[in-house]
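Peer 1: For reference, the sequence and a predicted model appear below.
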Amino acid sequence: MTRRARGGACLIACAVLVPLVACSSPASGDGRVQLDFFQFKSEAVATFDAIIADFEAEHPDIDVVQNNVPDAETAFRTRLVREDVPDVVTLNVNGVFGEFADAGVLYDWADDPLLEEISPAVVRIVQDLGQSSPGAVNALPFANNSSGFVYNADLLAAQGVEVPTTWAELLTAMDTFEQAGTTPVYATLKDGWTALPAFNQLVANTVPADFWERLDAGETTFAEEWRPAADQLAELFAFAQLDRFSRDYNAGNQEFAAGGVPFYLQGSFAIPAIVSFEPAFELGFGNLPTTDDAATQLLVSGVDVGVTMGAQPRHPEQSRLFVEYLMQPDVMRQYSQDQSAITPLVDATTGDPTLEPVLPFFDDDRVTGYVDHRIPASIPLAAMLQQYLIDGDADAFLTQLDEEWDQVAARRS
Amino acid sequence: MATAAAPTPAHVAPPPEPPDAPRPLRPPSRVPRAFWWMVLPAVAIFFVFHTLPVLQGIFFSFTDYAGYGTWQFVGLRNYLNLFGNDRIAHSYLFTFQFAIVATVLTNALALTIAMGLNARIRLQTTLRGLYFIPNVLAVLVVGYVFNYLFSNSLPVLGQALGVEWLSTSILANEDLAWLGIVVLAVWQACAFNIILYLAGLQTIPGELYEAASLDGASTWRRFRSITFPLISAFFTINMVLSLKNFLQVFDHVIALTNGGPGTATESISLVIYRGGFQGGEYAYQTANAVVYLVVIIVLSLAQLRFLQSREVES
């Protein structure tokens, strides 16, 4: 209870203090409008500082203040509680974003010309998560990441293994390494979420796209349709090293960079971390194959950074100018180059040559969102997956998922 | 503690004044104003920062508030949904088991160490200081050190000794992970309990032991008949505080297992934090928190009653 109360006390303290602070700094005395730019990615602060400097040079009457805090989602939530929505916001477009969107606190960009240059598949990902009203688009996709697998190209070449593009080829590649006495996959299941990139890819490719509508209508269950994906996941992780449950994400990045392991089942976001350990081999990245039809494989990609404003912006004109500036293809490309991201534009590009193999998926419109973003954050999906990979009981895992889903639905109805 | 229950002079009604005695001239305010200035701001701050949020929380537990946006009343629905939620039931079970084991171990260990530190040993002061250090360190920081020990060092030892269950990280084993949390919690909590027991042990007059040794009482007999009865009030308060603190376990779990593997070591406060602040179920978990509060109060009072009734009236 004290923790609860302490949280409440903090909120009240904020509520008391923040208006005071706000009063003491009026919208700058020199007539410039001050924009509060809530930016959630701590690793991108310098990149955005450069973008802001360029923007302010073009618009001398606008002063953009970048505001970067740790645990941005919780911080954003507390600002919503005080009904103090920042002028321009970047958010990770995930399940939590979906809840914000559904609550109607974010601006609607549908029909906005800024969306014209964005890949329609990516816009669909944003809409699937949450909408303030039917058809609304509550965030502009600014940068994408991609699920997939990272591989050690030198090891693959040494074993004469081609980069797998189908499930059968993937299993053959794993077998080849196992028989050669090499552990094929490095897994870091101490952090339960590290099973999610592969699982997202499996579910996205083996479960029909209309699953969620049918689930909401009560026509199907997880147990009925997710079994193949769960089985494939266990099959994949069985190839991992013995201490897979006591190694975490950071240890995994380091271990993979040290060489010796051909496959690492992680999204594009792990690449900068791996590169920071200076691997002495050629790094490869590809879409994790999950079916035997390479031509219809979907790529799981998420909007890593979405740009948006509050539903009722305080400085609509100036905020919009800044958003327009951010959404220029050149600025987005610059960002993706700095941050190893993929631009969600119709002609997708990336600043990181390692990511180039997944770009065609954007061009072909074969992109879908992270499945786990559709599961409410109050269901501990990562922990349940971790449990499942430990005990291998797929029935228990899927039944529990169904029960949790129904209970959350009952609580929210 | 035992004497506190007896009526103190302040509670005794003053004798009736003789009718014709001159009324004593009382100063207009008996209590110097300074005391009011000490108490009143504290009351106000306590009310604003503690009582008010609690009341607010109780209020929101009857709504479907997500922490932001609109909300409406849902009556007792949140409370009814708490029952039949496996995850919450499991977190209560885990927390109780953990708290009971940790409370017993902490007090047994702390009392033993305190008695050792109270005896005439060399380096007494240095050792007392050393044993207090865990209380000063932040649980989270120490937790990550223990995490490393459990994940990396212990398995190496286990493999060298050929002990199978120790050969892999116990934190990755759903049946053993709670042991790691108990070890960290007991190690950390002992420090403070040792201090309280030491304070208690120093209230016992040395003559009692002298008399006992003249009578030829054994060490165990001396402990059972002198030491333990005389520090029973300290024992009570240590047991109650330990149980209450262990029921609120949070940092230990975050640092060691993060609730895992799976959801095997999710404590109640972890579930409340996860669902309420990260899962957008603010109102639902607030209802859980209210139930949790009531459970802790009831348990603490029951424990206090039970232990106090067994204290020796000295």
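Peer 2: That came through, no problem.
Peer 1: For residue A:309, which non-adjacent residue is spatially closest?
Peer 2: residue A:107 (4.3 Å; CB to CB, 6 or more residues apart in numbering or on different chains). Backbone N, C-alpha and C define where each C-beta goes, glycine included.
Peer 1: Outside of stretch A:385-398 itself, list whatever touches it.
Peer 2: A:189, A:192, A:195-196, A:199, A:221-223, A:226-227, A:230-231, A:233-234, A:237, A:245, A:384, B:172, B:174, B:260-264 (CB atoms under 8 Å, 6 or more residues apart in numbering or on different chains).
Peer 1: Can you say which of the residues you listed are buried?
Peer 2: Burial by neighbour count, 16 or more other CB atoms under 10 Å in any protein chain shown: within the contacts of stretch A:385-398 this picks out A:189, A:192, A:195-196, A:199, A:221-223, A:226, A:230, A:233, A:237, A:245, A:384, B:172, B:174, B:260-264.
Peer 1: Would you mind naming what in the stretch 51-200 of chain A lies close to chain B?
Peer 2: By CB under 8 Å from any CB of the partner chain, the residues of the stretch 51-200 of chain A that approach chain B are A:73-74, A:77, A:80-81, A:96, A:99-100, A:103-105, A:189-190, A:192.
Peer 1: Check the separation of the first and last residues in stretch A:131-142.
Peer 2: Stretch A:131-142 stretches 18 Å from its first residue to its last (CA to CA, to the nearest Å).
Peer 1: what residues does the stretch 151-300 of chain B put near chain A?
Peer 2: Selection of the stretch 151-300 of chain B residues close to chain A by CB under 8 Å from any CB yields B:151-152, B:155, B:168-169, B:171-172, B:174, B:248, B:250, B:259-264, B:266, B:269, B:272-275, B:277-281, B:284, B:286, B:289, B:292-293, B:296.
Peer 1: so what are the domain limits for chain A?
Peer 2: Domain assignment for chain A by automatic domain parsing gives A:8-145+A:302-356, A:149-300+A:378-412.
Peer 1: Would you mind measuring the gap between the ends of the last one?
Peer 2: Spelled out, that is domain A:149-300+A:378-412. End-to-end distance for domain A:149-300+A:378-412, by CA to CA: 36 Å.
Peer 1: try stretch B:216-226
Peer 2: 14 Å.
Peer 1: Mind telling me which of the domains of chain A the model trusts least?
Peer 2: Among these, domain A:8-145+A:302-356 carries the lowest mean pLDDT, at a mean of 85.
Peer 1: quick check, distance from that one to the centre of its chain.
Peer 2: Computed by CA atoms, centre = their mean, to the nearest Å, the chain-centroid distance of domain A:8-145+A:302-356 equals 15 Å.
Peer 1: what about chain B, any weak spots by pLDDT?
Peer 2: Regions of chain B meeting the criterion pLDDT under 70 cover residues B:1-29, B:312-314.
Peer 1: Can you tell me the closest non-neighbouring residue to the residue sitting nearest the centre point of it?
Peer 2: Chain B has residue B:245 as the residue nearest its centroid, 2.6 Å off, counting by CA atoms, centre = their mean. In space, and not counting its chain neighbours, residue B:245 is closest to residue B:189: 6.8 Å by CB to CB, 6+ apart.
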